[in-house]
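**Q** 3D model of this:
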Amino acid sequence: MINKKFKVKGMHCKSCEFLIKDVLSDFAVEAKADLNKKEVLLNFDENKISLNKIKEILKKYKYEIVA
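**A** Here you go, the predicted structure:
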């Protein structure tokens with residue numbers, strides 16, 4: 001399991017926090033987004049989904065993991 005914080009570009013409101021959490025939950029990724037810090041804490045099984053796939057999913061919604 002991976003449990004790590006990442007900086008995210010593109011978050012601008014509370015709805016962004018909920019959208020990120022909701023979208024990633026469909027892929028068995030637990031996400032907790034923090035608008036104030038512009039970051040997301042991800043908890044996922046790298047055997048089920050890769051970080052690159054998560055980045056692709058978020059990019060569809062105009063979010064970008066930058067660190």
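
**Q** can you name the residues in contact with the top helix by length along the chain?
**A** Longest helix of the chain, by residue count under DSSP state H: helix 14-25. Here helix 14-25 makes contact (Cβ atoms under 8 Å, 6 or more residues apart in numbering) with 8, 10-11, 30-35, 40, 42, 54, 57-58, 61, 63. Bear in mind the C-beta positions are built from the backbone N, C-alpha and C, glycine included.

**Q** same thing but 10 Å
**A** 8, 10-11, 13, 29-36, 38, 40, 42-44, 49, 54, 57-58, 60-63 (Cβ atoms under 10 Å, 6 or more residues apart in numbering).

**Q** just the strands in the chain please.
**A** Per DSSP state E, the chain carries strands over the ranges 2-9, 30-34, 39-44, 64-65.

**Q** which other helices and strands does the shortest one contact?
**A** In other words, strand 64-65. For strand 64-65, the elements it packs on are strand 2-9, strand 39-44, helix 51-59, judged by 3 or more Cβ pairs under 10 Å, 6 or more residues apart in numbering; DSSP states H and E.
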